[in-house]
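K.L.:
Following is a predicted model, sequence given first.
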Amino acid sequence: MVEFDVRIKAGDLYDYMLRHTYNSFAGLLGSLVGALMVVGGLYTGTWLMAGAGAILLLYLPWTLFLKSRQQMLANPAFKEPLHYVLDEEGVHVSQNGTEEMRKWEDVVKAVSTGRSLILYTSRVNACIFPRRCLQDNTAKVIQILCTHLPARKVKIRQ
């Protein structure tokens, strides 16, 4: 069992959104099209096409940045820390006297970024565990995730 508190910041949300978006078909396709437009525009000397490709490449990260800031301000759940307990049953999260529990078999996948461990509870919803909040518990959390989730659901780099 491991317990820790998490206070989500806008940068943590941005990190999650970038990972989630760029690991989807639409995110990869948009990046590929933008890169091809930039290369094609530079190769043929068509500056309009190169500029449009650059705008396409920069649009998604910029809008995700703005959306993460907006979500931070609008969602009251991010104003208080979340208390997590990972045990044999699953993931328990509590905040302001309210507690929820997600069983291990209901977890979709666990992934990592340079800044966070992300535990997907559905295709689009996740628990974000910023490494700065985990500190000494990072190895314990990874061990618990690897123990309780099938290997095909765990994609974590240490």
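P.N.:
Received it, and whenever you're ready, just let me know what you need.
K.L.:
so what does the lengthiest helix in the chain touch, helix or strand wise?
P.N.:
Secondary structure assigned by DSSP state H gives helix 47-74 as the longest helix of the chain. Secondary-structure packing of helix 47-74 (3 or more C-beta pairs under 8 Å, 6 or more residues apart in numbering; DSSP states H and E): helix 10-22, helix 25-44. C-beta coordinates here come from the backbone N, C-alpha and C atoms, glycine included.
K.L.:
nearest to Val91, of the ones you listed?
P.N.:
Closest of these to Val91 is helix 10-22, at 16.2 Å (criterion: C-beta to C-beta).
K.L.:
returning to that earlier point: any idea of the mean pLDDT for the longest helix of the chain?
P.N.:
Average pLDDT, helix 47-74: 93.
K.L.:
Tabulate the helices and strands packed on helix 47-74 in a markdown table, adding columns for distance to Glu80 and mean neighbour count.
P.N.:
Output for those, formatted as a markdown table (distance: least, C-beta to C-beta, whole Å; neighbours: other C-beta atoms under 10 Å):
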| stretch | distance to Glu80 | mean neighbour count |
| --- | --- | --- |
| helix 10-22 | 15 | 19 |
| helix 25-44 | 31 | 14 |
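K.L.:
would you turn the ones you listed into a markdown table with mean pLDDT and distance to Lys140?
P.N.:
Below are the helices and strands packed on helix 47-74 laid out as a markdown table (pLDDT from 0 to 100; distance: least, C-beta to C-beta, whole Å):
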| stretch | mean pLDDT | distance to Lys140 |
| --- | --- | --- |
| helix 10-22 | 93 | 20 |
| helix 25-44 | 90 | 32 |
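K.L.:
Next, the contact list for the residue nearest to Arg123 when sequence neighbours are not counted, please.
P.N.:
Computed as C-beta to C-beta, 6 or more residues apart in numbering, the closest residue to Arg123 that is not its neighbour in sequence is Val108, at 6.6 Å. Contact analysis of Val108 by C-beta atoms under 8 Å, 6 or more residues apart in numbering lists Tyr120, Thr121, Ser122, Arg123, Lys153.
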